[in-house]
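J.: give me a 3D structure for the following:
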Amino acid sequence: MHLFQQHAVKDLAATSSLIPVIDYGPYFAGVPGALQRLAEELRYACETVGFFYALNHGVAQETIDRAFAASRRFHGLPLEQKLKLRLNENNIGYLPMNASVQGASTVHKATKPNQNESFFISHDRGVDHPDVIAGIKLRGRNQWPENARGLREDMMAYFHALNAMCTRMLPPFAVALDMPEDFFGRFFANEGHVNLRFLHYPPQEDMGENTFGTAPHTDNSFMTALARTDVPGLAIRLPSGEWLPPPIIPGTFLINLGNMMRRWSNDRFLSTPHGVFNESGTDRYSIAYFHSPNPDSVIECLPSCVSEDNPPRYPAVVYRELVLEFYRKNYFHQKGHESEAAKQVTSPTQVGEVEARQRRG
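T.: Numbers count the residues shown, from 1 in each chain. Below is the predicted model of the structure:
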């Protein structure tokens with residue numbers, strides 16, 4: 001029995017209602033008073049559970065469907081072809097099985113590699129982009145497979161749609177934290193640190209202790225928008241300590257706050273632990289969009305969230321430093337990474353061997 005089962009919620013139906021469904025329609029339509037009402041709903045969700053469903057989000061279902069089709073197409077490519085796009089120093093490209101661990105997690109001690117493969121993309125910068133020419137960290141180029149017509153277009157269409165959606169969502173978060181509605185916008189200017197991760201969880205063969213598709217962790221983002229298929233596997237840890245498999249609600253994105261929102265709000269808003277265990281017996285796909293500030297941004301506790309009785313819990317820090325530390329702890333290929341999980345991968349060929357066996361089988 002794995003962790004999510006050991007500490008599962010007792011009443012699934014009743015507990016599932018703890019994650020609110022928030023309707024963005026009136027706010028996106030410019031209805032008078034909608035911003036303040038939305039901010040109040042967000043404040044409650046962010047202070048109590050750290051997750052919510054976004055309804056009437058404005059992203060076309062066709063865009064979402066095409067993104068999932070592109071993800072399945074990518075992950076269906078031969079392993080040798082995907083490995084040509086191995087995740088680079090900017091964490092853009094292909095992450096094979098057995099190549100990461102939730103080493104940065106403060107909510108769980110991960111000792112085994114994550115059992116998922118992923119394809120990461122970001123802003124589709126050209127070779128003449130000033131930051132690419134200058135070799136600035138975290139400002140690299142996407143890697144694309146050869147002879148994959150339409151895949152790049154469909155993935156980037158989804159990227160741009162989610163980027164636009166999350167940008168529109170920034171003002172209500174600011175108001176929910178008693179800040180001016182335009183406060184967060186400047187931190188995301190000039191290409192915020194935005195990443196789109198196309199995840200594939202094969203049926204989990206290792207049911208041993210501390211083996212997960214993705215081990216329990218919190219995100220390092222400002223916010224994350226997750227799209228899922230109907231295959232279960234995700235679990236989130238409620239403030240009670242129980243683990244809840246959040247139901248899929250058609251027409252919504254599942255939104256969670258990341259560590260940057262927790263840091264900015266001086267722990268007022270929650271960055272809730274979550275993880276994945278795929279015991280469904282079939283392949284599981286999800287798409288995680290991470291919306292985060294420009295790497296040059298200085299993150300410090302908001303004046304509305306500190307006082308004489310509640311001083312800042314975090315020092316001011318440049319976001320790039322937090323991201324690079326997060327990458328070092330989680331990804332085996334990053335310079336300086338050390339973990340017991342990485343030591344279990346005894347050779348480069350072992351990375352991805354689970355998928356290779358499945359291809360042969």
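
J.: contact partners for the residue nearest to Tyr319 when sequence neighbours are not counted?
T.: Closest residue in space to Tyr319, ignoring its immediate chain neighbours: Ser297 at 4.7 Å, by C-beta to C-beta, 6 or more residues apart in numbering. The C-beta positions use only the backbone N, C-alpha and C, and glycine is treated the same way. Remark: with contacts taken as C-beta atoms under 8 Å, 6 or more residues apart in numbering, Ser297 is in contact with 187, 318-319.

J.: now do Ser297, the pLDDT please.
T.: pLDDT, Ser297: 98.

J.: likewise for Glu209?
T.: On the pLDDT scale, Glu209 gets 79.

J.: one more: the one 10 residues further on?
T.: Model confidence at Asp219, given as pLDDT, is 96.

J.: wait, it sits on Phe290?
T.: Yes. Using C-beta atoms under 8 Å, Asp219 is in contact with Phe290, at 6.6 Å.

J.: what residues are shared contacts of those two?
T.: Common neighbours of Asp219 and Phe290 (C-beta under 8 Å, 6+ apart) are Gly258.

J.: all helices for the protein, in order.
T.: 3-6, 12-16, 25-28, 34-48, 61-75, 79-83, 130-134, 151-168, 170-176, 259-264, 319-330, 340-343, 353-360 (DSSP state H).

J.: surely Phe119 and Tyr94 touch.
T.: Yes. With contact defined as C-beta under 8 Å, Phe119 reaches Tyr94; the gap is 5.5 Å.

J.: now, of the contacts of Ser297, which are buried?
T.: 187, 319 (16 or more other C-beta atoms under 10 Å).

J.: tell me the one among the contacts of Ser297 nearest to Ser304.
T.: Nearest to Ser304 out of these is Phe187 (C-beta to C-beta; 15.5 Å).

J.: export stretch 241-254 to CSV, keeping only CA atoms.
T.: Provided in CSV are the C-alpha atoms of stretch 241-254 (Å, rounded to 0.1, in the frame of the first residue of the first chain):
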residue,chain,number,x,y,z
GLY,A,241,-2.6,15.4,6.0
GLU,A,242,-5.0,13.3,4.0
TRP,A,243,-4.4,12.6,0.3
LEU,A,244,-7.2,13.4,-2.1
PRO,A,245,-7.4,12.3,-5.8
PRO,A,246,-9.1,15.4,-7.2
PRO,A,247,-11.9,14.5,-9.6
ILE,A,248,-11.8,15.7,-13.2
ILE,A,249,-14.4,18.4,-13.9
PRO,A,250,-14.9,18.8,-17.7
GLY,A,251,-14.3,22.3,-19.0
THR,A,252,-11.9,23.3,-16.3
PHE,A,253,-8.2,23.6,-15.6
LEU,A,254,-6.9,22.4,-12.2
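
J.: what do Phe119 and Tyr94 both touch?
T.: 82, 85.

J.: quick one, which of the two is more surrounded?
T.: Phe119 (28 against 25; other C-beta atoms under 10 Å).

J.: next, the buried residues of stretch 83-94.
T.: By neighbour count with 16+ other C-beta under 10 Å, stretch 83-94 contains the buried residues 85-87, 90-94.

J.: now those as TSV including distance to Val9 and pLDDT?
T.: As requested, those are arranged in TSV below (distance: C-beta to C-beta, whole Å; pLDDT from 0 to 100):
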residue	distance to Val9	pLDDT
Leu85	39	98
Arg86	39	97
Leu87	35	96
Asn90	38	96
Asn91	33	96
Ile92	37	98
Gly93	37	98
Tyr94	35	98
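
J.: could you pull out the strands for the stretch 251-361 of the chain?
T.: 252-257, 274-276, 284-291, 298-299, 317-318 (DSSP state E, counting those that start in this stretch).

J.: nearest to Ala67 among those strands would be which one?
T.: Closest to Ala67 of the strands of the stretch 251-361 of the chain, according to C-beta to C-beta: strand 284-291, at 5.9 Å.

J.: the residue lying closest to Gly281 once chain neighbours are set aside: neighbour count?
T.: Excluding its sequence neighbours, the residue lying closest to Gly281 (C-beta to C-beta, 6+ apart) is Pro203, at 5.3 Å. Pro203: 15 surrounding residues under other C-beta under 10 Å.

J.: what separation do you get for Pro203 and Ser221?
T.: 28 Å (C-beta to C-beta, to the nearest Å).

J.: so what's Arg86 up against?
T.: 93-94, 96, 333.

J.: which one of the residues you listed is nearest Arg43?
T.: The shortest approach to Arg43 among the contacts of Arg86 belongs to Gly93, at 37.8 Å (C-beta to C-beta).

J.: tell me the bridge partners for the closest one.
T.: Phe120 (DSSP bridges).

J.: ok, back up a step: for Asn98, see how far away the residue nearest to Tyr319 is.
T.: In terms of C-beta to C-beta, Ser297 sits 33 Å off from Asn98.

J.: repeat for Lys335
T.: 19 Å.
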